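Q: quick one, what's the 3D model for this:
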Amino acid sequence: MRISECNWRQVEQYLGKDDRAILPLGSTEQHAQLSLSVDSILSERVAVEAAEPLGIPVFPVVAYGLTPYFMAYPGSISLRTETYIRLVRDILDGMRAQGFRRILIVNGHGGNQPAGALAIEWMADNPDTAIKFHNWWAAPATMGKVLEIDPVASHASWMENFPWTRLAGVKPPTQQKPMIDLARMRLMSPKAVRDYLGDGNFGGYYERPDEDMQAIWDIAVKETRDLLEGPWS
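A: I've put the predicted structure just below:
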């Protein structure tokens with residue numbers, strides 16, 4: 001259940017019987033022909049679908065993350081690392097103060113990794129609360145399915161092209177884009193990154209059949225739900 005669809009009395013009632021919750025982390029950044037909110041859409045949706053049969057609340061996605069390399073693409077917004085860490089820390093502090101003691105962070109953006117380091121530090125300061133940090137797209141079973149379907153896949157390629165991240169009226173290219181040199185890109189300024197990447201796809205086809213995407217999604221939801229049901233200590 002989404003926190004945005006609950007009132008405070010319902011959350012209070014839930015906390016009387018359970019202390020699990022999910023915090024999705026996203027980003028607002030270029031994804032070639034796909035929505036700028038791909039990372040937010042996917043992390044929140046996989047969290048909601050994983051939590052739904054368990055009745056576990058899902059907080060609203062943190063829609064901004066760390067993405068300084070894409071700042072030359074209009075619509076991409078990056079927080080400073082210090083700001084981001086303070087934001088996530090304040091959210092975790094608030095969740096703990098209200099009684100949540102088992103928190104699954106479902107991350108949808110690789111650049112948000114400092115939040116994973118924060119989670120470890122935060123748990124040391126708050127030993128009564130456990131956090132699992134889950135990069136949903138890179139989890140073993142989910143990534144295994146991606147590689148089984150097509151090993152040439154990365155940012156803004158087919159592996160992020162789900163029916164719910166596409167934009168109406170936008171047709172993707174049909175050719176396979178060669179993989180970029182990621183190490184080289186990391187040395188570039190935002191303008192140079194845009195010149196190097198062009199449309200923003202890191203490499204691979206832009207689209208695959210919906211059956212392939214649903215197969216990946218079903219595994220991702222199950223893998224996320226397993227974390228909610230698995231051991232917390």
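Q: ok, the residue nearest to Leu34 when sequence neighbours are not counted - contacts?
A: Closest residue in space to Leu34, ignoring its immediate chain neighbours: Thr165 at 5.0 Å, by C-beta to C-beta, 6 or more residues apart in numbering. Quick note: C-beta positions are derived from backbone N, CA and C, even for glycine. By C-beta atoms under 8 Å, 6 or more residues apart in numbering, the contact set of Thr165 is 31, 34-35, 38, 41-42.
Q: in helices, which of the residues you listed fall?
A: Counting by DSSP state H, those place 38, 41-42 in helices.
Q: now the longest helix anywhere in the chain: buried residues?
A: Looking across the chain with DSSP H, the single longest helix is helix 210-229. Along helix 210-229, these residues count as buried under the neighbour rule (16 or more other C-beta atoms under 10 Å): 212-213, 216-217, 219-221, 223-225, 227-228.
Q: and His134, helix, strand or coil?
A: strand (DSSP: H, G, I helix; E, B strand; the rest coil).
Q: pretty sure it contacts Leu227?
A: Yes - counting by C-beta atoms under 8 Å, His134 does reach Leu227; the two are 5.8 Å apart.
Q: mutual contacts of those two, please.
A: Leu104.
Q: what sits closest to Met188 if chain neighbours are left out?
A: In space, and not counting its chain neighbours, Met188 is closest to Tyr196: 6.2 Å by C-beta to C-beta, 6+ apart.
Q: burial count for that neighbour?
A: Tyr196: 12 surrounding residues under other C-beta atoms under 10 Å.
Q: for Val58, grab phi and psi.
A: As for Val58, its main-chain torsions (degrees, to the nearest 10) stand at phi -120, psi 120.
Q: list the contacts of it.
A: Val58 neighbours (C-beta under 8 Å, 6+ apart): 1-3, 21-22, 24, 44, 47-48, 51.
Q: need the helices for this structure, in chain order.
A: 8-15, 38-51, 81-97, 113-125, 140-149, 182-185, 190-197, 210-229.
Q: ok, Pro173 touching Tyr206?
A: Yes - contact criterion C-beta under 8 Å: Pro173 and Tyr206 qualify, at 5.3 Å.
Q: wait, which of the buried residues of helix 210-229 is closest to Ala119?
A: Nearest to Ala119 out of the buried residues of helix 210-229 is Leu227 (C-beta to C-beta; 13.4 Å).
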